[in-house]
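> next come a sequence and a model predicted from it.
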Number of protein chains: 2
Amino acid sequence: MLEVDCPCVTPEVVLKASGHVDKFTDLMVKDEKTGTCYRADHLVKDFCNEKLQNDNTMTADKAAELRHVLAVLDDLSAEELGARIKEYGITAPETKSPLSYPYPFNLMFQTSIGPSGLIPGYMRPETAQGIFVNFKDLYYYNGSKLPFAAAQIGQAFRNEGYLLSRNAHIKSDNDFLKVQISPRQGLLRVREFTLAEIEHFVDPEDKSHPKYSEVADLEFLMFPREEQTSGQSARTIQLGEAVSTGIVNNETLAYFIGRVYLFLTRLGIDKDRLRFRQHLANEMAHYAADCWDAEIECSYGWIECVGIADRSAYDLRAHSEKSGVDLVAHEKFSEPREVEKLVIATVKKELGLAFRGNQKTVVEALEAMDEKEALEMKATLESKGEAEFYVCTLGKNVTIKKNMVTISKEKKKEHQRVFTPSVIEPSFGIGRIIYCLFEHCFYTRPSKAGDEQLNVFAFPPLVAPIKCSVFPLIQDKKYDAVAKLISKSLTVAGISHKIDISGATIGKRYARTDELGIPFAITVDSTSSVTIRERDSKDQIRVNVEEVVSVVKDVTDGQSSWADAKGRFPAHSSVSADA
Amino acid sequence: MLEVDCPCVTPEVVLKASGHVDKFTDLMVKDEKTGTCYRADHLVKDFCNEKLQNDNTMTADKAAELRHVLAVLDDLSAEELGARIKEYGITAPETKSPLSYPYPFNLMFQTSIGPSGLIPGYMRPETAQGIFVNFKDLYYYNGSKLPFAAAQIGQAFRNEGYLLSRNAHIKSDNDFLKVQISPRQGLLRVREFTLAEIEHFVDPEDKSHPKYSEVADLEFLMFPREEQTSGQSARTIQLGEAVSTGIVNNETLAYFIGRVYLFLTRLGIDKDRLRFRQHLANEMAHYAADCWDAEIECSYGWIECVGIADRSAYDLRAHSEKSGVDLVAHEKFSEPREVEKLVIATVKKELGLAFRGNQKTVVEALEAMDEKEALEMKATLESKGEAEFYVCTLGKNVTIKKNMVTISKEKKKEHQRVFTPSVIEPSFGIGRIIYCLFEHCFYTRPSKAGDEQLNVFAFPPLVAPIKCSVFPLIQDKKYDAVAKLISKSLTVAGISHKIDISGATIGKRYARTDELGIPFAITVDSTSSVTIRERDSKDQIRVNVEEVVSVVKDVTDGQSSWADAKGRFPAHSSVSADA
């Protein structure tokens, strides 16, 4: 996989081609008194939900109407949303003032490039476009072979939600409110966030994947379109079955769905609170072949954390068109292939005499005929000597005579196939994944005395930011020296750790280390051997000082497991020192 | 060291406080016909240099004048630069059209935050301000103790130079020119770049550093202010001596200079093309205590790659003032200290009677007296009963009588000292360092036949992106299998590598791997043992298949060196297979 690092400041022309300048908008309404802005759809959604929950006097018809509005909310136009707001009498949530008519607000941060002030630009709203516009170079770097993927990790910018900063210049929550659209999603909807995106380019005629078999047997919660529209729940499906029954469009898309499942669960996401939801027809861009979101359940509900989409050839085509640079791939045939090609030869002189100023328009329309149209015309010309032909750019029929055009099929030798690759895109919202990981890994357990709940982050060793802590059991120079020696060896081995030689009780120090999600704690209670305690089970083993670093390294690297280590070393069975 | 990740989009108020909104500008001139913009100082510099080099008819006086202009170029105001451009008849380089008057152009990308369009913001021009505005939280996380440091790695944005993108929408060099200010610094001056900044907060009364002794003996090229102004060259100075003789302001600043030297040379920067240049008085911000640039020599000349500055308490004070939030540290005394404090007690009634509307102004002036002034007034009042007192806010003397003010010194107990920390800031331009590393590591050597120059990147194993390559000597299934096995073990050991089972000659494959800067190549020429070749010496050793991964791991991790490996394993002395 190639990795690229494209600029965040993006010339307007790129985002014009991608459609973001025209379509990356939210419909907003303004509090007509204070100027505070709200998402129009959010206000309508809140109104409907509130009514449905609390208004017992509502008729069945009315309830059905509100439920219908909720179902089609994403599809409503500015006019339709404006009509709902007026009809339901929705006002600004804080001041109850009237609201403006819904207007589109582009979510990109606009700026101006260079000192002339004449070149508009935007902060990129996603990293993908940087990969598309560099496709030609990337394809070359890959030896002009498909499939290949390019990845990018970096900041994306969207002008919405909170600016999550508690800096000196934000003095109160009121200051926060001033820069807020909607607080409802807290850490999940921010103005700047890290995206990790993979663009996997494939031949649209062959979306198989060589490593598909590695994921085909995985089973996990999937929520296909049909289950959603028929009111059913997500259900466990085997990925291979989802492909063979046509639920998932193709092998490459399925491969990435499977890899995303493995990635998230290995990070520590609870597999029972993870589902893959297919986009409904109205959610999906018109060009997309299929699209699935990895959704993780947290206290905000089911949250989209990774999108995995087959975007077909849309992006490369859009940039090709706008830039005039061909973003295509070539498949060289091992030997030239003979193909029949339609040839439409226009006789410009005759057409000019017949159509004068419209000659060029008619020629273009003739040359743009598809095979079916052309062969029909050929037959008509042969039988009747002339044919009626609708020229859409003129908006009328013209009469084409036999001497104006020759239509034939010729055999040609082709040495290669030229085509626009399809792109399959897994796009990871890193901040959202980390937020959900925090929720899924967090639990509390009672202290030994039972008087207190202690916090624990059950981060898997692989992702725990600190792998291990080192404590002398009691304050003693001999033990301190051993602890420092172990700390030094851990540094050499590249294991992030924390040494705590404070006088706090060992129980308190274990509680601190649990709260930080540190999976292992080494306690020095002799100069020859030490104990290693595992965070969640609180089990301890006894290991020689010389061996301790390699044991910790193996269990944190994933070379071996804590269960292996327990099998190899004696348990340390003193009364638990936990707080 | 704490690490933070602050937003790139920054509210205007933050950059107003830091001074960037008002002062982060370049003086530009516009081609009055085409609107193309140029840096005014660059045009003057080019003119002077060109004249000095090529105009043999110039008088000695004129030459001296131009040299003086070059020397003071950075200090020239818009008026002065405009006058030079007019006097010298400088025109637009491309069209020879007249130029506009110089105008300040702010280098920050401006944008607008939120849907109201009323909150101006900028893309951060450096990462440091994010750390300063979060000082209060960071100080708390550090247990409210000094010294401590916070670091940030991230994008910074400056609206200048090239947008370095060869994407589909940039069709020709002309398109590049449209978004360009000055092409002279190519890859070194870009609109977006990665900065790595450390803000080390210290007590201004104690700038010692506990690890200073680890760097005090280092000797390297330094270029102090005095050597620069007296026309001397950079010279090798021992860092400890530079501190003891007062060349470098303090130990903490020196500690970071030393660590930057070690960092850069370990990366592979040639120590003979690295110097630490002290800022001249006119380069340095007025508040800075001392400032040094790590400059690396490359084909563009000596390039600033790291700045190491003692910025005193300027930044925290500026943000405190603007935000009203105290950004201070506390030193708790182990026992309360008795201090003598000056107390100036004004008698408002008497002052009101005497000065009426000016009473408040006079009271403020009296209370603002420093100790010396106050004690002089006290003596005068005691001896003469009244004193003349200049109130600068009124612009005149007033007469203060004995009954209007009591001045005394009182003993007070203080429990702590409250102060604004100083900040010492090493700021790394990552792109520039990498660019210089490419230049310093690049060399060519003749091919074996002598008919070709082969390219080599001599990246040290520590930083080489790919550590090792694996080739079967000849195309043979047995050797391919061994190569794949070794590749698998390298992956498990976390060693980035490249496997090449193409049919190219071994010499060609070595040449490819050298050009990529890969330090070691494993060649499989038997199923039991293989050779390891070192890139620069082309020396080879013979190692058992089972041992090869651990040998490569040790020499690339820095656990051992190639010289160690050569001592431990037999040399492979077959005729060199190099191309």
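Looks like it came in fine.

> ok, which stretches of the stretch 201-350 of chain A are helices?
Applying DSSP state H, counting those that start in this stretch to the stretch 201-350 of chain A gives helices spanning A:225-229, A:239-244, A:251-267, A:314-323, A:348-355.

> list of residues touching the third one?
With contact meaning C-beta atoms under 8 Å, 6 or more residues apart in numbering or on different chains, helix A:251-267 is reached by A:147, A:198, A:200, A:202, A:207-209, A:211-212, A:214-216, A:218, A:220, A:239-240, A:242-243, A:248, A:271, A:274, A:276, A:289-290, A:292, A:294, A:296, A:305-306, A:308, A:310, A:424, A:426, A:428, A:433, A:437, A:460, A:462-463. For glycine as for every other residue, the C-beta is placed from the backbone atoms N, C-alpha and C.

> domain ranges for chain A, per the record?
Under the assignment the TED database, the domains of chain A span A:26-102, A:124-163+A:185-328+A:420-446, A:335-415, A:459-568.

> quick one: distance of the longest one to the chain centre.
Domain A:124-163+A:185-328+A:420-446 has its average C-alpha position 5 Å from the chain's average C-alpha position, going by C-alpha atoms, centre = their mean, to the nearest Å.

> OK, contacts around the closest residue to A:E3 other than its chain neighbours?
Nearest non-adjacent residue to A:E3, counting by C-beta to C-beta, 6 or more residues apart in numbering or on different chains: A:A151, 5.3 Å away. Contact analysis of A:A151 by C-beta under 8 Å, 6+ apart lists A:1-4, A:196-199.

> please tell me how far the most centrally placed residue in chain A sits from A:K33.
By C-alpha atoms, centre = their mean, chain A has its centre lying nearest to A:S427, at 3.0 Å. Distance of A:S427 to A:K33, given as C-beta to C-beta, to the nearest Å: 39 Å.

> got it, and A:I296?
The gap separating A:I296 from A:K33 is 39 Å, by C-beta to C-beta.

> okay, the residue lying closest to A:K396 once chain neighbours are set aside: pLDDT?
Once flanking residues are discounted, A:K396 sits nearest to A:Y390: 7.4 Å by C-beta to C-beta, 6+ apart. Predicted confidence (pLDDT) for A:Y390: 90.

> helix or strand for A:Y390, just tell me which one.
Assigned by DSSP states H and E, A:Y390 belongs to strand A:386-391.

> that strand to helix A:348-355, inter-axis angle?
80 degrees (axes from the mean of the first three to the mean of the last three C-alpha atoms, to 10 degrees).

> what pairs with the helix or strand that comes right after strand A:386-391, parallel or antiparallel?
Using DSSP H and E, the next helix or strand after strand A:386-391 towards the C-terminus is strand A:396-401. The pairing partners recorded for strand A:396-401 under DSSP bridges are strand A:386-391 (antiparallel).

> got the contact list for the residue nearest to A:I119 when sequence neighbours are not counted?
In space, and not counting its chain neighbours, A:I119 is closest to A:I113: 4.3 Å by C-beta to C-beta, 6+ apart. Counting by C-beta under 8 Å, 6+ apart, A:I113 makes contact with A:9, A:11, A:119-121, B:109, B:159, B:163, B:179, B:191.
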